[in-house]
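# coordinates only, sequence not included:
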């Protein structure tokens, strides 16, 4: 298996995880764990940017029930993040009703890494049984994560891995995603063209991963030229503003927009308002984008995936609940496949509640992106995820 991110002092990290084996033996254990996965999951590790290590919770004993479930958010400024928190709350509420969890507590650092560290340390002091998190930094939280581990509290991330060997990351291969979207642009523009890159929050670990993949694809499609790189902060009004500013100051044609967020609808609107030809737009499909497509079937071109908040929360919950049930992850980073969405598939994702204004509506895959049997492969002693039933998950048009 390839290991990325410049090594990151893997041997030191292994010692901090209290795994008294050599780095070579640990590598062999990780390779064996990944080799045992189903092919669809094994493929997620090819070219993965994360350093993949053995699971850090071999000797972990869960807190007695009922335990407090604490969630550390780094940003709640867009509907996607709010939807993650709301769905996680719904699921944990089910465990509260069963007497497994005593309470669910959420903190939000609003993009301030130092504040998120302080909030995590407050969770440790409160004796949380588990801390889940969307981290604001790949490296900045490591000492707080290690402190939680030392206190016997598992730290489980989603939508962005941390580099501490003591965390369990529930993640996807965003480098692969960034590559596939830029490659799709390259295939759609065989003669080349100009590409506007709209990134998310500057400094976020996923942004760096997505851009690394996009740059790798650009090297394979030399006819593609980057017109400009802007940050839309994964937020609709910010994205629309920076795209309109770019169009106002860049009269050259833009043939495609590589975006790795959920703002494809406002990007299409910006081009329409500026009187510019509609480009091919990549990103994550959303309800408002599907509504815009339904009203403008000739005015919306899309290629991407479904990076959805509900299943992000669902996979985070399932892994966390399994850990608190005593199940042992075999690797520190559990990779979840991203469901692809092609332009020809849009009719299959559209639902009647989806309009161009439905910014808080997110599609729901008709089939669980990762079945229980597949998730079992990530644990040495698997059992059903406590409190989990995909059939009971709310649909895209649920109130």
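Nice, thanks for sending it over. No experiment lies behind these values; they were computed from the predicted model shown.
# most residues in a single helix of this structure, which one?
Identified as the longest helix of the chain according to DSSP state H is helix 79-97.
# Output the contacting helices and strands for the following helix or strand past that helix.
Using DSSP states H and E, the helix or strand that follows helix 79-97 in sequence is strand 101-108. Using 3 or more C-beta pairs under 8 Å, 6 or more residues apart in numbering; DSSP states H and E as the contact test, the elements touching strand 101-108 are strand 67-73, helix 79-97, helix 113-126. Backbone N, C-alpha and C define where each C-beta goes, glycine included.
# Report all helices and strands that the first one contacts.
The one in question is strand 67-73. helix 79-97, strand 101-108, helix 113-126, strand 130-134.
# what about those, which gets the closest to residue 223?
helix 79-97 (32.7 Å; C-beta to C-beta).
# if we can go back for a sec, comparing the helices and strands packed on strand 101-108, which comes out most buried?
strand 67-73 (a mean of 24; mean count of other C-beta atoms under 10 Å).
# Quick one: work out the angle between it and strand 130-134.
20 degrees (axes from the mean of the first three to the mean of the last three C-alpha atoms, to 10 degrees).
# What lies in contact with the longest helix of the chain?
By C-beta atoms under 8 Å, 6 or more residues apart in numbering, the surrounding residues in contact with helix 79-97 are 66, 69, 71, 73, 75-76, 101-104, 106, 132, 134, 158-159, 234, 262, 309-310, 312-314, 316-317, 321, 359-360, 362, 386-388, 394.
# and the nearest residue to residue 58 once chain neighbours are set aside, how many neighbours?
Leaving out its chain neighbours, the residue that sits closest to residue 58 by C-beta to C-beta, 6 or more residues apart in numbering is residue 328, at 6.1 Å. Residue 328 has 17 neighbouring residues, counting by other C-beta atoms under 10 Å.
# who are the neighbours in contact with residue 328?
Taking C-beta under 8 Å, 6+ apart, one finds 55, 57-58, 60, 379-381 in contact with residue 328.
# and which of those is nearest residue 227?
residue 55 (43.6 Å).
# Touching, that closest one and residue 330? I think so.
Yes. Contact between residue 55 and residue 330 holds when scored by C-beta atoms under 8 Å: they sit 5.2 Å apart.
# Between those two, point out the one with more neighbours.
Each of residue 55 and residue 330 has its neighbours counted (other C-beta under 10 Å); residue 55 has more, 24 against 21.
# Return the residues in contact with the closest residue in space to the more buried one that isn't next to it in sequence.
Distances taken as C-beta to C-beta, 6+ apart place residue 329 nearest to residue 55, at 3.8 Å, with adjacent residues excluded. Contacts for residue 329 (C-beta under 8 Å, 6+ apart) come out as 55, 57, 168, 319, 323, 378-380.
# in the sheet, who's paired with residue 329?
residue 379 (DSSP bridges).
# any chance you could map the helices in this structure?
So, for the chain - with DSSP H - the helices run 10-16, 23-35, 39-42, 79-97, 113-126, 142-150, 174-188, 205-220, 236-249, 264-273, 287-295, 309-324, 346-349, 372-376.
# Next, format these as CSV and append mean pLDDT and distance to residue 198.
Shown next, in CSV, are the helices of the chain (pLDDT from 0 to 100; distance: least, C-beta to C-beta, whole Å):
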stretch, mean pLDDT, distance to residue 198
helix 10-16, 38, 34
helix 23-35, 84, 33
helix 39-42, 92, 29
helix 79-97, 95, 15
helix 113-126, 98, 23
helix 142-150, 98, 29
helix 174-188, 94, 11
helix 205-220, 92, 11
helix 236-249, 96, 6
helix 264-273, 97, 7
helix 287-295, 96, 14
helix 309-324, 96, 19
helix 346-349, 91, 20
helix 372-376, 95, 32
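# related to what we said a few turns ago, taking the contacts of residue 329, please make a ChimeraX selection of just the buried ones.
Per 16 or more other C-beta atoms under 10 Å, the buried members of these correspond to this ChimeraX selection:
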select :55,57,168,319,323,378,379
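# Against residue 307, how distant is the spatially most central residue of the chain?
Relative to the mean C-alpha position of the chain, the nearest C-alpha, by C-alpha atoms, centre = their mean, is the one of residue 159, at 2.8 Å. Distance from residue 159 to residue 307, counting by C-beta to C-beta, to the nearest Å: 8 Å.
# Ok, residue 323 next?
23 Å.
# and the residue lying farthest from the centre of the chain, backbone torsions?
Most distant residue from the mean C-alpha position of the chain: residue 251, 34.2 Å away (C-alpha atoms, centre = their mean). With angles defined as degrees, to the nearest 10, residue 251 sits at phi -70, psi -10.
# Without its sequence neighbours, what residue ends up closest to residue 380?
Residue 380's closest residue in space is residue 328 (C-beta to C-beta, 6+ apart), at 4.7 Å.
# brain fart, residue 204
In space, residue 204 is closest to residue 160, 6.5 Å off (C-beta to C-beta, 6+ apart).
# in terms of contact, does the one you found touch residue 135 like I think?
Yes. Counting by C-beta under 8 Å, residue 135 is a contact partner of residue 160 at 5.4 Å.
# which of the two has more neighbours?
With neighbours defined as other C-beta under 10 Å, residue 160 and residue 135 compare such that residue 135 has more, 32 against 24.
# In this structure the more buried one contacts residue 74, no?
Yes. Residue 135 lies in contact with residue 74 (C-beta under 8 Å); the separation is 6.0 Å.
# Overlap in contacts, the two.
Contacts common to residue 135 and residue 74, judged by C-beta under 8 Å, 6+ apart, are residue 116.
# coming back round to it: so the residue nearest to residue 380 versus residue 322, what's the distance?
9 Å.
# shared neighbours of those two, which are they?
residue 379.
# which residues do residue 160 and residue 135 both contact?
residue 205.
# Any idea how many residues pack against residue 200?
That count, for residue 200 with other C-beta under 10 Å as the rule, works out to 23.
# do the same with residue 191
6.
# How about it, nearest residue that isn't a chain neighbour?
Counting by C-beta to C-beta, 6+ apart, the residue nearest residue 191 is residue 223, at 6.4 Å.
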